[in-house]
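Visitor: 3D model of this:
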Amino acid sequence: MDEAGTLRVVIAEDNYLVREGVRRLLEDSGEVDVVASVGNGTELRDAVRRMSPDAVLTDIRMPPSHHMEGIEAAHDIRASSPETGVVVLSQHADESYAMALFADGSAGLGYLLKDRIGDLEDLVHALREVRAGGSVIDPQIVDTLVRRRSAAASSPLAALSPRELEVLREMARGRTNAGIEQALFLSSSTVEKHVNAIFTKLRLPESGVHRRVAAVLAFLQDGGGAAAPSE
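Guide: Below is the predicted model of the structure:
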């Protein structure tokens with residue numbers, strides 16, 4: 001990231017028109033410099049090695065198998081270039097993809113649906129969040145999981161109040177406490193109370209570096225161990 005705070009980003013998307021559209025969208029924000037745009041996982045890894053970007057925005061499915069190349073590349077990039085954050089884009093609101101992405105840890109990783117591309121502010125925020133070592137999960141995935149897991153009496157989410165579930169959704173978007181205050185029209189003390197209650201009810205240790213994301217991953221892992229779809 002340069003002195004002006006501009007993010008250096010590599011884009012990976014096999015559809016040329018989509019790739020160029022995303023590139024122009026990000027660069028028009030004035031906050032992003034797209035240093036490379038590629039069409040497959042091999043080119044993505046090479047570009048990261050050459051350019052050392054702040055963040056990567058990659059499709060989940062790319063040649064040759066069009067299955068989970070984006071997730072595999074994300075794991076490789078985080079292992080070889082831990083200073084580079086990775087946001088994976090998917091057309092599918094399926095939590096098993098998120099499970100696969102976060103299987104070995106959540107730091108520096110994000111999972112968003114492609115619909116989120118149209119919200120430039122959220123997209124740039126996600127890139128900045130993973131660059132800083134945080135994580136972002138698409139709120140639609142969160143909503144699906146909240147409904148499914150909270151319905152089960154054995155789920156840790158069953159202990160959360162409706163308002164705490166709302167706060168959890170906002171946490172999954174990478175919002176700070178101040179952002180949650182604005183989104184839900186709550187006071188600072190009320191948000192802090194709900195966040196602490198979530199940590200306590202989900203039994204998250206105080207020493208956790210990314211407890212906010214761990215709160216979301218708690219129900220990703222709660223009965224969500226299905227294999228990623230093979231379509």
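Visitor: mind listing what Ala183 touches?
Guide: Applying Cβ atoms under 8 Å, 6 or more residues apart in numbering to Ala183 gives the contacts 170, 175. Yep, even glycine has a C-beta here, placed from its N, CA and C like the rest.
Visitor: kindly recompute the last result at 6 Å.
Guide: Glu170 (Cβ atoms under 6 Å, 6 or more residues apart in numbering).
Visitor: give me the pLDDT for it.
Guide: Note for Ala183: predicted pLDDT of 89.
Visitor: for Thr58, same thing?
Guide: 97.
Visitor: regarding it, what is its secondary structure?
Guide: Classification of Thr58 using DSSP: H, G, I helix; E, B strand; the rest coil returns strand.
Visitor: what sits against it?
Guide: With Cβ under 6 Å, 6+ apart, Thr58 has these contacts: 12, 70, 88.
Visitor: likewise Glu20?
Guide: Contacts of Glu20 (Cβ under 6 Å, 6+ apart): none.
Visitor: for Ile11, give me phi and psi.
Guide: phi -110, psi 140 (degrees, to the nearest 10).
Visitor: for it, which non-adjacent residue is spatially closest?
Guide: Spatial nearest neighbour of Ile11, chain neighbours left out: Ser37 (4.4 Å); criterion: Cβ to Cβ, 6 or more residues apart in numbering.
Visitor: distance-wise, check Ala55 relative to Pro162.
Guide: According to Cβ to Cβ, to the nearest Å, Ala55 stands 34 Å off from Pro162.
Visitor: the two: which has the busier surroundings?
Guide: Shown here are Ala55 and Pro162; by other Cβ atoms under 10 Å, Ala55 has more neighbours (27 against 9).
Visitor: tell me, what residue is most central in the protein?
Guide: Per Cα atoms, centre = their mean, the C-alpha nearest to the average position across the chain is that of Gly110, at 2.0 Å.
Visitor: show me the contact partners of whatever helix or strand that one lives in.
Guide: For Gly110, the host element (DSSP states H and E) is strand 109-113. Here strand 109-113 makes contact (Cβ under 6 Å, 6+ apart) with 86-89, 98, 101, 126, 130, 135-138, 140.
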